[in-house]
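**Q** sequence and computational prediction follow.
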Amino acid sequence: MTRTNNASSYVGRFAPSPTGPLHFGSLFAAIASFLDARANEGLWLLRMEDLDPPREPEGAAEQILQQLQDFHLLWDADVLYQSTRIPAYDEVLTSLETKELCFNCSCTRPQVREMGSVYDGHCRDLEIKESEQSAVRFLTEPVDVSFTDGVCGHYSQNIEQDVGDFVIKRKDGLYAYQLAVVVDDEYQQITHVVRGADLLDSTPRQIFLQQQLGYRTPIYAHIPILLNDQGQKLSKQHFAKAIDSNNAKELVFRSLALLGQNPPQALLREQVRPQLDWAIEHWDIQAVPKLANIPL
């Protein structure tokens, strides 16, 4: 079993968006995050990323909490709801504005696509007022941001050339994922982030923002994304079915196998809790497939 050097300091988290119930892809990520935290005798926190009300059906957050409990994925401490954290994001944005590390931008998505989908700094030197339906972008620099991922290994990105100045507050006034996740990881003192590989290329942006804010950088590990039979990411957008707690034993066992943990076939006869106990005892993050995605 792989452990960190200082197991007692481990703080992990799972951060679903309540846009619908958990599907198998989100369960897969939750199990990986949970096992890594428990195998390292750490805390596992739950954060509800409820910052986009138009996309969040009523009762979805409560349904996710019940699903996690049904699968014995029990979290430590109270759930953190991002919708309660707006004043903290406001404070950070004001600090960035004072330091002239961000600017208002009126560019549309089609305009950014015409730039090759890498923002070219078009509005950097323009004095665009917030009232003009503008987004707020974080000012990047032509520097390489590198880190060693716990699953994927070395990863590097030139933050300005590969991404460009990125949005931290949207035109509709809602805070963007990149800002909120960084502020809340610092607030919750997160030390380890285990999540899907679809977020691998977001990590340099988050590290760069952490550096500019004087925050700590967690240790990251990005597990493969599960694909449906059409080669699409298993997601609510692609109509992935909600997990059924009646199939909990089979789904947990399948997750362990897909995570490369080689569970013995006899484990399939066990209930969820004994399966998770076995997986915690035998957890090896180095055995997780070093693939961007896994077809189901």
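**A** Great, that's in hand.
**Q** can I get the one helix or strand residue 204 maps to in PDB, CA atoms only?
**A** Residue 204 belongs to helix 203-213 when assigned by DSSP states H and E. Only the C-alpha atoms of helix 203-213 are listed here, as PDB (Å, rounded to 0.1, in the frame of the first residue of the first chain):
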ATOM      1  CA  THR A 203      -4.200  22.100 -13.100                       C
ATOM      2  CA  PRO A 204      -1.400  24.400 -14.300                       C
ATOM      3  CA  ARG A 205      -3.900  27.300 -14.300                       C
ATOM      4  CA  GLN A 206      -4.800  26.500 -10.700                       C
ATOM      5  CA  ILE A 207      -1.200  26.200  -9.600                       C
ATOM      6  CA  PHE A 208      -0.400  29.500 -11.300                       C
ATOM      7  CA  LEU A 209      -3.300  31.100  -9.500                       C
ATOM      8  CA  GLN A 210      -2.200  29.500  -6.200                       C
ATOM      9  CA  GLN A 211       1.300  30.900  -6.600                       C
ATOM     10  CA  GLN A 212       0.000  34.400  -7.300                       C
ATOM     11  CA  LEU A 213      -2.300  34.300  -4.200                       C
END
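**Q** so what does that helix touch, helix or strand wise?
**A** Here helix 203-213 touches helix 86-98, strand 135-138, strand 144-149, strand 153-158, helix 177-187, going by 3 or more CB pairs under 8 Å, 6 or more residues apart in numbering; DSSP states H and E. Placement of C-beta: from N, CA and C, glycine included.
**Q** and of these, who's closest to residue 283?
**A** strand 144-149 (17.2 Å; CB to CB).
**Q** run a quick neighbour tally on the residue nearest to residue 73 when sequence neighbours are not counted.
**A** The shortest distance from residue 73 to any non-neighbouring residue, by CB to CB, 6 or more residues apart in numbering, is to residue 34 (5.0 Å). Residue 34 has 25 neighbours, counted by other CB atoms under 10 Å.
**Q** what residues does stretch 82-99 touch?
**A** Stretch 82-99 is touched from outside by 47-51, 53, 102, 136, 138, 168-169, 175, 179-180, 183-184, 187, 212-213, with contacts defined as CB atoms under 8 Å, 6 or more residues apart in numbering.
**Q** drop anything exposed from those residues.
**A** Neighbour-count burial within these applies to 47-51, 102, 136, 138, 168-169, 175, 179-180, 183-184, 212-213; the criterion is 16 or more other CB atoms under 10 Å.
**Q** same for the lowest-mean-pLDDT helix or strand in the chain, what does it pack against?
**A** None of the helices or strands of the chain scores lower by mean pLDDT, DSSP states H and E than strand 293-295, at a mean of 83. Counting contacts by 3+ CB pairs under 8 Å, 6+ apart, strand 293-295 is packed against strand 225-227.
**Q** follow-up on the earlier one: most tightly packed of the helices and strands packed on helix 203-213?
**A** Across these, averaging neighbours per residue (mean count of other CB atoms under 10 Å) puts strand 135-138 on top, at a mean of 23.
**Q** that one packs against which elements?
**A** Using 3+ CB pairs under 8 Å, 6+ apart: strand 135-138 touches strand 102-105, strand 166-169, helix 203-213.
**Q** how far does that strand sit from its chain's centre?
**A** Computed by CA atoms, centre = their mean, to the nearest Å, the chain-centroid distance of strand 135-138 equals 20 Å.
**Q** picking up where we left off before, of the helices and strands packed on strand 135-138, which is nearest residue 287?
**A** helix 203-213 (21.6 Å).
**Q** for the closest one, buried residues please.
**A** Residues of helix 203-213 classed as buried: 203-210, 212-213 (neighbour count, 16+ other CB under 10 Å).
**Q** again, but for stretch 237-252
**A** By neighbour count on 16+ other CB under 10 Å, the buried set for stretch 237-252 is 240, 242-243, 248-249, 251-252.
**Q** same thing with stretch 38-46?
**A** Under 16+ other CB under 10 Å, the buried positions of stretch 38-46 are 38-40, 42-46.
**Q** those in strands, which ones?
**A** 43-46 (DSSP state E).
**Q** for the residues you listed, give me JSON lines that also has distance to residue 130 and pLDDT.
**A** Formatted as JSON lines, these follow (distance: CB to CB, whole Å; pLDDT from 0 to 100):
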{"residue": "43", "distance to residue 130": "38", "pLDDT": "97"}
{"residue": "44", "distance to residue 130": "38", "pLDDT": "98"}
{"residue": "45", "distance to residue 130": "33", "pLDDT": "98"}
{"residue": "46", "distance to residue 130": "33", "pLDDT": "98"}
